[in-house]
Structures are given as C-alpha cells and as structure tokens.
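Undergrad: The following block contains a protein sequence and its predicted model.
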Amino acid sequence: MPEHRDRKRLRETFGSIAELYDRARPSYPAVVFDDLAELASLEPGSRVLEIGPGTGKATVELARRGYAVTGIELSADLGELARRNVPEAEIVVGDFETWEPEEADFDAIVVFNAFHWVAPDVRYAKPARLLRPGGALLVVGAPHVLPEGGDPFFAEVQKDYDAVVPHPDNRAPGPPDEIEGWGEDWLASGFFEGVEERRHLQAIEYTADELIAVLGTFSDNLALPEEQREELFRRIHARIEARPGGTVTKHHLLVLTVGYRPR
C-alpha cells in the first residue's frame with residue numbers, strides 16, 4: 001500500500017513544473033520512431049493512443065508522421081501545453097486507469113517514460129482490451145546509464161548526493177548491460193505475444209543550467225524539501241561550472257519493448 005500511495009503522489013508532481021518540463025526535457029531520436037513504425041506497421045492514418053504524453057515531446061513526431069493520435073494525460077497543465085504544441089492531436093485530460101475512449105480498437109498504444117506510473121493491475125490488461133486484434137503495445141524507457149568511457153561526472157557527483165540527500169541507494173548509474181527489460185513481465189501477463197526489445201544509446205551534452213533544469217523535472221527531486229533541493233542543485237551546478245568547458249555528457253539507454261495483442 002505505501003508503494004501504491006507513493007506512485008499516485010509522485011506521478012501528480014509533474015503538473016507543478018509544466019513549463020519547465022516542456023523547456024528542459026529532451027526529445028526522442030528519429031530511430032525510435034522508425035522502430036515504432038516498423039514494429040507496429042504504422043502508416044499515415046493509423047490510430048495511435050499515447051499514454052501520458054506530457055507536453056507532447058513524442059506526440060509531435062507521432063503526429064508529424066501522419067498518425068491519428070489520441071493522448072490521455074493526467075495533468076491538466078501538461079495537457080494544455082501538449083494541445084498547444086501538437087494541435088493536430090486529440091489530447092484528453094484524465095487518468096488512463098479509469099478513462100474509456102469512445103472508440104477502442106487502436107492500431108497501437110505507445111508509452112514514453114510513463115509505463116511505470118500505470119497501476120500494475122491495469123498495466124497490461126487495459127492496453128490489450130483497447131487494441132485491435134494484432135495491435136501493438138510499444139513502451140519506450142530511457143534510463144540514465146554510464147557506459148564504458150562515459151562521463152565520469154556522474155560518478156563524481158555522488159559525493160554531493162551523499163552529503164545532501166544521504167541514502168543507501170545512492171550510486172552512480174550502471175552500465176547499459178545492467179538494465180533489465182520488461183519482456184518477461186509482458187509474457188507472464190498473458191495478454192501479449194511476439195514480445196521483443198530494441199535498444200539504442202543516446203548521448204546528450206548539457207551546460208550547468210541545462211542539467212539543473214532537467215533535474216528539476218524529476219519526481220524524486222520534486223519530492224525533496226525546497227531547501228534541500230536547492231542545496232543539492234547548487235552543489236551540482238558549481239561542480240559542472242568548475243569543469244573545463246563547463247558541460248557534462250549524459251547517456252540514456254533507449255529501451256523499446258513491443259508486444260502484440262493475439263488475433
């Protein structure tokens with residue numbers, strides 16, 4: 001029950017920083033959308049449901065490719081920005097766990113960095129019910145990783161986390177091969193078949209201001225007391241500014257998992 005309460009509480013924090021989220025969060029590379037199109041056999045006019053579009057970071061590209069996109073977004077503030085950013089998409093404000101579309105039978109359901117916010121008891125069952133037979137559920141995650149030869153900053157900065165936010169779980173990001181996929185869970189659910197996974201490494205360079213802005217959109221940081229959060233960010237900002245060039249390179253492992261509703 002505590003984990004359930006934390007999930008419900010934390011997923012509602014993003015609306016409080018909607019403009020920052022829209023400005024700071026990165027977009028997704030084209031290769032991810034190429035994979036989506038191939039794996040789900042998407043073409044212009046395909047009906048796509050996006051769970052948790054936020055401000056439309058992925059929705060923009062989905063709509064640009066000609067798909068008929070419906071987004072279900074929990075936050076009214078994020079949803080309003082998504083409507084502004086992607087006027088050709090239908091953005092509905094509501095909770096996916098209780099929302100019902102006027103017409104189901106979607107060709108694909110896509111989720112970018114939000115699948116873990118969906119309650120486990122509906123995480124597989126509801127998408128399967130809303131898809132047409134043979135339709136695809138496609139989930140993209142982007143965990144922070146530290147590949148061999150990656151920027152040592154993210155190991156060094158743990159000193160600041162230990163000083164300001166001490167916790168047994170504080171640790172540098174692990175290598176990409178430590179990231180576990182969703183595949184076994186999908187198959188165990190019994191709702192999907194043909195489950196497979198694709199992975200791509202993405203590197204993004206940030207200035208001190210840019211990284212602090214991104215960190216300010218993470219739910220665990222938003223949950224910190226303001227004074228503690230500001231001290232942590234002050235230390236991180238100073239550490240980046242002191243580096244030659246004043247930038248850091250952050251790596252994300254883009255993990256795309258797909259499964260198909262049986263025909």
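TA: Good, I have the coordinates.
Undergrad: Sketch out the helices for the stretch 101-250 of the chain, chain order is fine.
TA: Under the criterion DSSP state H, counting those that start in this stretch, the stretch 101-250 of the chain contains helices at 125-130, 153-156, 158-164, 183-189, 208-215, 219-222, 226-241.
Undergrad: any chance of those in JSON lines, plus mean neighbour count and mean pLDDT?
TA: C-beta: built from backbone N, CA, C; applies to glycine. Formatted as JSON lines, the helices of the stretch 101-250 of the chain follow (neighbours: other CB atoms under 10 Å; pLDDT from 0 to 100):
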{"stretch": "helix 125-130", "mean neighbour count": "19", "mean pLDDT": "97"}
{"stretch": "helix 153-156", "mean neighbour count": "16", "mean pLDDT": "96"}
{"stretch": "helix 158-164", "mean neighbour count": "14", "mean pLDDT": "96"}
{"stretch": "helix 183-189", "mean neighbour count": "15", "mean pLDDT": "91"}
{"stretch": "helix 208-215", "mean neighbour count": "18", "mean pLDDT": "96"}
{"stretch": "helix 219-222", "mean neighbour count": "15", "mean pLDDT": "88"}
{"stretch": "helix 226-241", "mean neighbour count": "15", "mean pLDDT": "97"}
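Undergrad: In CSV, list those along with distance to residue 250.
TA: Formatted as CSV, the helices of the stretch 101-250 of the chain follow (distance: least, CB to CB, whole Å):
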stretch, distance to residue 250
helix 125-130, 30
helix 153-156, 7
helix 158-164, 14
helix 183-189, 26
helix 208-215, 7
helix 219-222, 15
helix 226-241, 11
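Undergrad: Any idea which of these gets closest to residue 38?
TA: With CB to CB as the measure, helix 183-189 is the member of the helices of the stretch 101-250 of the chain nearest residue 38 (17.9 Å).
Undergrad: Using PDB, write out every CA atom in the closest one.
TA: What follows is helix 183-189, C-alpha atoms only, in PDB (Å, rounded to 0.1, in the frame of the first residue of the first chain):
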ATOM      1  CA  GLY A 183       9.900  -8.700 -21.700                       C
ATOM      2  CA  GLU A 184       9.500 -11.400 -19.100                       C
ATOM      3  CA  ASP A 185       6.700  -9.300 -17.300                       C
ATOM      4  CA  TRP A 186       4.900  -8.900 -20.600                       C
ATOM      5  CA  LEU A 187       4.900 -12.600 -21.400                       C
ATOM      6  CA  ALA A 188       4.000 -13.500 -17.900                       C
ATOM      7  CA  SER A 189       0.900 -11.200 -18.100                       C
END
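Undergrad: Now do that helix: which elements does it pack against?
TA: strand 193-207, strand 247-260 (3 or more CB pairs under 8 Å, 6 or more residues apart in numbering; DSSP states H and E).
Undergrad: out of those strands, deepest packed?
TA: strand 247-260 (a mean of 21; mean count of other CB atoms under 10 Å).
Undergrad: next one: that one to chain centre, how far?
TA: 9 Å (CA atoms, centre = their mean, to the nearest Å).
Undergrad: same question, stretch 70-86
TA: Going by CA atoms, centre = their mean, where stretch 70-86 is centred and where its chain is centred differ by 15 Å.
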